[in-house]
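> okay, here's the prediction I keep looking at, along with the sequence it came from:
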Amino acid sequence: MTPVELSRTVLSAVRRAVDVGELDVSVPERVVVTPPRPGGCGDYATNVALQLARPAGQPAPLVAQVLRGYLLDLDGIGDVTVTGPGFLNISLRDADAEAALVRLVEDVRRAGQWYGYAPRAAGAVVELRCPREVRALVVADVVARLLRSQGSQASVSCEGPTPVDPTPVDPIPVRWEQILGVHPHTADPIGDNAVHIRPVPAPADPLHLGRDAARWALLHPAGHDRPRLGGEHLVQRESNPLFRVRYAHARVRALGRNAADLGFGAEAGPVDVAPPDLLTLLADHPRVLARAADHHAPDVLARHLVSVADAVLPFLATVLPRGEEKPSAAHRARLALAEAAGTVLAGGLSLLGVDAPEHL
């Protein structure tokens, strides 16, 4: 059972409790499940009981106990424990957990860098309009990429002369197009139904950072935050989130080459040392892309990639055989999971317009 499937299972338990009258609440649209916090247990945890306690007019632990009874009746649930102020800690049945992991890895590997993309939908083009400012242009470029990944058609244009102010505007600097890869067109001043992209402007010209670091520096902060354009984006150390993301991707690719030298390849299977937070992040990637597109927020994707990198890096040390070990099914399964994480990192970086290096 994947985190998405488990979320639906918890919603089903809430719905059953409401239908029989044990809870008098509106069923939420979605339930968030995450790896357990310190002090928790099981495979996943959710705070849905705390969310429903006030509208239900009951203490959160009591709501949690009600939901526990319904969850235990559902397929794939091994055990449910109530901890703290009302958290539900859910343990999956071993066979179901292993099957969900294999299915997740196979889904990512099958889709490749397009994992999380939605089918193209018919409809009008989403016209993104932005000022002639470097950060706005880069953000609008990535928002268009995100919208396309979710099935929409999108184009980017810069604000031009208007009937109120017909003064001609300067063209986009050629170096912005050459280095940052932005290619907007000038907007038609008539009939403007565009979506306006207006992040906090960059405090200085970012081109001295080069394409990858400059784009990351402009995209990683939320649109309402002022970006920092210093050399911290160029240093190759753990304090640099861009370095961690690209390093994690390069490490995964290196493991694939090392495994080939040892005579084995990736094959999805049960992973005995799989970090639960990594599995949750990989399963949540499609929803992250959808959320980033819906909210026109590339920073949502950038922060997600940092989380994936931080979750996969410690795991990579377990992939290859050590000492006198021979390659086994466990090593093939670990490599497949690592490569799935690398695929998500590569696909996300591509949407941000940042290179995913094979070597670093």
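That came through fine.
> surely Leu301 meets Arg145?
No - using CB atoms under 8 Å, Leu301 is not in contact with Arg145; the gap is 9.7 Å. In this view, the C-beta of every residue, glycine as well, is placed from N, C-alpha and C.
> between those two, who's got more neighbours?
Leu301 (26 against 19; other CB atoms under 10 Å).
> now do stretch 293-304: distance to the chain's middle.
Chain-centre distance of stretch 293-304: 8 Å, with CA atoms, centre = their mean, to the nearest Å.
> which residues sit against it?
For stretch 293-304, contacts defined as CB atoms under 8 Å, 6 or more residues apart in numbering pick out 128, 139, 142-143, 146-147, 149-150, 152, 195, 197, 216, 219-223, 241, 281, 284-285, 288-289, 291-292, 348, 351-352.
> which of the residues you listed are buried?
128, 139, 142-143, 146-147, 149-150, 152, 197, 216, 219-221, 223, 241, 281, 284-285, 288-289, 291-292, 348, 351-352 (16 or more other CB atoms under 10 Å).
> state the number of residues packed around Ala217.
22.
> quick one: what helix or strand has it in it?
helix 210-219 (DSSP states H and E).
> so which elements touch that helix?
If contacts are counted by 3 or more CB pairs under 8 Å, 6 or more residues apart in numbering; DSSP states H and E, helix 210-219 sits against helix 134-149, helix 241-261, helix 298-312, helix 329-352.
> what is the three-state secondary structure of Ala45?
Following DSSP: H, G, I helix; E, B strand; the rest coil, the label given to Ala45 is strand.
> swap that for Val156, please
Reduced to three states by three-state DSSP, Val156 is strand.
> verify the stated contact: Asp107 with Tyr115.
Yes - with contact defined as CB under 8 Å, Asp107 reaches Tyr115; the gap is 6.9 Å.
> when the two are compared, which one has more neighbours?
Set Asp107 next to Tyr115 and count neighbours by other CB under 10 Å: Tyr115 wins out with 21 against 17.
> which residues does the more buried one contact?
Tyr115 neighbours (CB under 8 Å, 6+ apart): 107-108, 285-286, 343-344, 347.
> for it, phi and psi?
Dihedral pair for Tyr115: phi -60, psi 130, per degrees, to the nearest 10.
> any regions of the stretch 251-360 of the chain where pLDDT drops low?
Of all residues in the stretch 251-360 of the chain, none has pLDDT under 70.
> output whatever helix or strand Arg103 lives in as PDB - backbone C-alpha positions only.
Using DSSP H and E, Arg103 maps to helix 94-111. The C-alpha trace of helix 94-111 is given here as PDB (Å, rounded to 0.1, in the frame of the first residue of the first chain):
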ATOM      1  CA  ASP A  94       4.400  -7.000   5.600                       C
ATOM      2  CA  ALA A  95       3.300  -8.500   2.200                       C
ATOM      3  CA  ASP A  96       1.300  -5.400   1.400                       C
ATOM      4  CA  ALA A  97       4.100  -3.000   2.300                       C
ATOM      5  CA  GLU A  98       6.600  -5.000   0.200                       C
ATOM      6  CA  ALA A  99       4.200  -5.100  -2.800                       C
ATOM      7  CA  ALA A 100       3.600  -1.300  -2.500                       C
ATOM      8  CA  LEU A 101       7.300  -0.600  -2.500                       C
ATOM      9  CA  VAL A 102       7.900  -2.800  -5.600                       C
ATOM     10  CA  ARG A 103       4.900  -1.200  -7.400                       C
ATOM     11  CA  LEU A 104       6.200   2.300  -6.500                       C
ATOM     12  CA  VAL A 105       9.700   1.600  -7.800                       C
ATOM     13  CA  GLU A 106       8.300   0.000 -11.000                       C
ATOM     14  CA  ASP A 107       6.000   3.000 -11.600                       C
ATOM     15  CA  VAL A 108       8.900   5.500 -11.300                       C
ATOM     16  CA  ARG A 109      11.200   3.400 -13.500                       C
ATOM     17  CA  ARG A 110       8.600   2.800 -16.100                       C
ATOM     18  CA  ALA A 111       7.600   6.500 -16.400                       C
END
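> from the chain's centroid, how far away is that helix?
Remark: helix 94-111 is offset 18 Å from the chain centroid, using CA atoms, centre = their mean.
> next, the contact list for the closest residue to Leu23 other than its chain neighbours, please.
Excluding its sequence neighbours, the residue lying closest to Leu23 (CB to CB, 6 or more residues apart in numbering) is Ala17, at 4.4 Å. For Ala17, the contacting residues are 23, 66-67, 70, by CB under 8 Å, 6+ apart.
> which one of those residues is nearest to Tyr247?
Nearest to Tyr247 out of the contacts of Ala17 is Leu67 (CB to CB; 41.4 Å).
> and the residue nearest to Leu23, how close does it get to Ala49?
10 Å (CB to CB, to the nearest Å).
> mind listing the shared neighbours of these two?
Common neighbours of Ala17 and Ala49 (CB under 8 Å, 6+ apart) are Leu67.
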